[in-house]
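S.K.: Give me the fold of what follows.
(2 chains)
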Amino acid sequence: MPIHEKSLIRPENLSTHDNLTIDGVDVSGDWSTFIKARVVQDYNEDLQDEIAALPGGENIHRCWQCGSCTNACTVNALNPDFNPRLWIYLIRMGFEAELVRDKDIIWQCVSCNKCTSACPRDVVPEGVMKATAHWLELKGYTPKTPSTEFDEIFSNQVIHTGKIEDGAVLLGFFRRTGQSPFQDWVIQMGKQLAMGLPIRMLMRMGLATLFHPRTRGWDRARAAIEEYVEEQEAAHRKALGLGGSSHDPHAPRQAQPIPQAAE
Amino acid sequence: MADNKYNLIAYYPGCALEGTGSAYNTSTKAVGKALGLGLEEVKNWNCCGAMEVKNIDPKIQTYLSSRVMSIAANEMGHDVVMAPCNGCYHNLKKAEYDLTHDEGSKEVTERLSSKAGHATYQAGQVETIHALDWIKKSIGEDGIKSRVKNSLSGLKVANYYGCMYTRPRHIFPEKDKGPGTESTSAPHFMDDILDAAGADNVDFALKTACCGGAHTLSDSDTSTKLVLNILQAAEESGADVIATECPTCHTGLEMHQIRAEKRFGVKTNVKILYFTQLLGIALGLNPRKVGVHENVSKPMGMLRERRIV
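M.R.: Have a look, this model is predicted:
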């Protein structure tokens, strides 16, 4: 059975009868398992185009369904339900409801690029995973995933200051996802790190958290990038047939101001 | 096969090397000094975009990386940029590829560069290399052998390269070109360098496995499982130490080694050191000079046991 037809044999789509005779033939029990007739009426004919309109999804139409991506996939080895090949198929067929069944795991792609390296058709499956995760958020199927929260905190800091300071990203992420920064493994890591370090260095690290490192004269680059990001956001929403407002709860990519610090 | 071209080059440390990966920065500079190689830091550099900005928009990442190369080429007159961080190295390579092959990336880079007020980077202006290429091409194995003062003999090393150094292969056109070049399926530059420094490299199957670095905080359990695979595979192949060449991998291995113990009750003892730290020690540098006191896995005891220090 081809992978894309597996939905037909999900338990809820099968039926057996303890006692059933048709035209004088006894078809009771597992010997005569029936697959319920499937009628798909809710194709989203634009699904492939919607994914292709988001960054990373551009090449999805090139897929031949060879399965190299899933075969190479790091996350698939941990969770067999994580199946890029299947999702690419569902998107190309417009099976939106089937795709959405896996909405809570698609974002877990770790961007190791094994799929993209293995793909003979230059589909860039890694990009398609990111585009699909983004699409699920824009359509309101999932709240912002932890991965998106992290990407935004990180990218906002880069766009604002030109540089990244690990401590600020870490704390910002814990705050936004409601986690305590005082988890056992974080404390242990901090202890082991601090053990070997001279005071001078600990102070330097502390100061970097307070005063973010910055690229000098970054303001013009920042303004140019922000303008570009806004244009792109509007274009993505338009491609998905969503309203122009980027203020609804699922709208990502809104730059959050970062406290200013002396250079 | 030493090449003078790499004796004085532009150096792009990147954000991680000024934060969690500072030992990589210290040891890279110390090794460069010990080998008489000049590194000139890219002036007023910015973040390359790491693993995150591309998820907002890949073309912004291309612009960010292109700015670094533009400064090296147009303001400093360099034609080689060395990035020790796999993420930076990968992004500069990716930008080079996109600016050569994708008209849209080129347009956005031109637009952002001109609005930001600096020269637009033109594909081909610089050659981006990794710290591994730098050592291999400037000094080479023979050069290392002749300079080793403190052989790593007896130290069993698993060389771990991670994802970004070899994947996706199309952005590394210089690799997979036969003898002497790096392989994307079975990379060996770090093996070659540490072998020349006397180390006993072990047969390690997970050289290019993923450590889950992109989701180290946002999906920590997945990352911990992936790191645990790597740590256990290294131990099973008899390694005392995993040599790293990426600050994200290095920190990920250290962090999830602790997390695996706390969360899953699985303890591993393999130590984690940057290849530049091991090389520096082999060249006779004091372990403090290469930042070994910053390593969370506390490798000094093991190094003493193996009579390396």
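
S.K.: CA atoms for contacts and neighbours, from now on please.
M.R.: OK.

S.K.: Need phi/psi at residue A:26.
M.R.: Dihedral pair for residue A:26: phi -80, psi 120, per degrees, to the nearest 10.

S.K.: Show me what from the stretch 151-263 of chain A comes close to chain B.
M.R.: Contact residues, the stretch 151-263 of chain A versus chain B (Cα under 8 Å from any Cα of the partner chain): A:151-152, A:154-155, A:158, A:162-166, A:184-185, A:188-189, A:192-194, A:196-197, A:205, A:214-216, A:218-222, A:224-225, A:229, A:253.

S.K.: So how do I select the buried members of these in ChimeraX?
M.R.: Remark: buried members of those, expressed as a ChimeraX selection using 16 or more other Cα atoms under 10 Å in any protein chain shown:
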select /A:151,152,154,155,158,162,163,164,165,166,185,188,189,192,193,194,196,205,214,215,218,221,222,224,225,229,253
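
S.K.: Output the below-cut-off pLDDT ranges for chain A.
M.R.: Low-confidence segments of chain A (pLDDT under 70): A:1, A:4, A:196-210, A:244-263.

S.K.: Per the annotation, how does it divide into domains?
M.R.: A:3-35, A:47-138, A:146-239 (automatic domain parsing).

S.K.: mind checking how far the shortest one is from the chain centre?
M.R.: Which is domain A:3-35. In terms of Cα atoms, centre = their mean, to the nearest Å, the centre of domain A:3-35 is set 37 Å apart from its chain centre.

S.K.: distance between the ends of that domain?
M.R.: Domain A:3-35 has an end-to-end distance of 16 Å (Cα to Cα, to the nearest Å).

S.K.: and residue B:110, that one's in a helix?
M.R.: Yes. Under DSSP: H, G, I helix; E, B strand; the rest coil, residue B:110 sits within a helix.

S.K.: Tally up the residues packed near it, please.
M.R.: Neighbours of residue B:110 under the rule other Cα atoms under 10 Å in any protein chain shown: 19.

S.K.: tell me the contacts of it?
M.R.: residue B:120 (Cα atoms under 8 Å, 6 or more residues apart in numbering or on different chains).

S.K.: any idea which of the domains of chain A is most buried?
M.R.: Counting by mean count of other Cα atoms under 10 Å in any protein chain shown, domain A:47-138 has the highest mean neighbour count of the domains of chain A, with a mean of 20.

S.K.: can it be found next to chain B?
M.R.: Yes. Using Cα under 8 Å from any Cα, we find that domain A:47-138 touches chain B at A:55-56, A:74, A:108, A:110-114, A:116-117, A:130.

S.K.: Span of that domain from start to end?
M.R.: Terminal residues of domain A:47-138 are spaced 13 Å apart (Cα to Cα).

S.K.: tell me the contacts of residue A:46?
M.R.: By Cα under 8 Å, 6+ apart, residue A:46 lies in contact with residue A:94.

S.K.: In helices, which of the residues of the stretch 151-263 of chain A next to chain B fall?
M.R.: Judged by DSSP state H, helices contain the following of these: A:151-152, A:154-155, A:158, A:166, A:184-185, A:188-189, A:192-194, A:205, A:219-222, A:224-225, A:229.

S.K.: What helix or strand is residue 48 located in?
M.R.: This is for chain A. helix A:47-52 (DSSP states H and E).

S.K.: oops, chain B please
M.R.: Using DSSP H and E, no element contains residue B:48; it sits outside every helix and strand.

S.K.: Need the three-state assignment for the residue lying closest to residue A:76 once chain neighbours are set aside.
M.R.: In this structure, residue A:76 finds its nearest non-sequential neighbour in residue A:82, 5.0 Å apart by Cα to Cα, 6 or more residues apart in numbering or on different chains. Following three-state DSSP, residue A:82 is assigned to coil.

S.K.: doesn't residue A:75 make contact with residue A:82?
M.R.: Yes. Look at residue A:82 against residue A:75 with Cα atoms under 8 Å: they come within range, at 6.5 Å.

S.K.: From chain B, how far out is the residue nearest to residue A:76?
M.R.: Applying Cα to the nearest Cα, to the nearest Å, one obtains 13 Å for the distance of residue A:82 from chain B.

S.K.: tell me the contacts of that residue?
M.R.: By Cα under 8 Å, 6+ apart, the contact list for residue A:82 reads A:75-76, A:105-106.

S.K.: can you do 10 Å?
M.R.: A:70, A:73-76, A:102, A:105-109 (Cα atoms under 10 Å, 6 or more residues apart in numbering or on different chains).

S.K.: now these in TSV, with secondary structure?
M.R.: As requested, these are arranged in TSV below (three-state DSSP):
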residue	secondary structure
A:70	helix
A:73	coil
A:74	helix
A:75	helix
A:76	helix
A:102	coil
A:105	coil
A:106	helix
A:107	helix
A:108	helix
A:109	coil
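
S.K.: circling back to that earlier point, what touches both of residue A:82 and residue A:75?
M.R.: A:105, A:108-109.

S.K.: Nearest residue to residue B:188 in space, ignoring adjacent ones along the chain?
M.R.: residue B:182 (6.6 Å).
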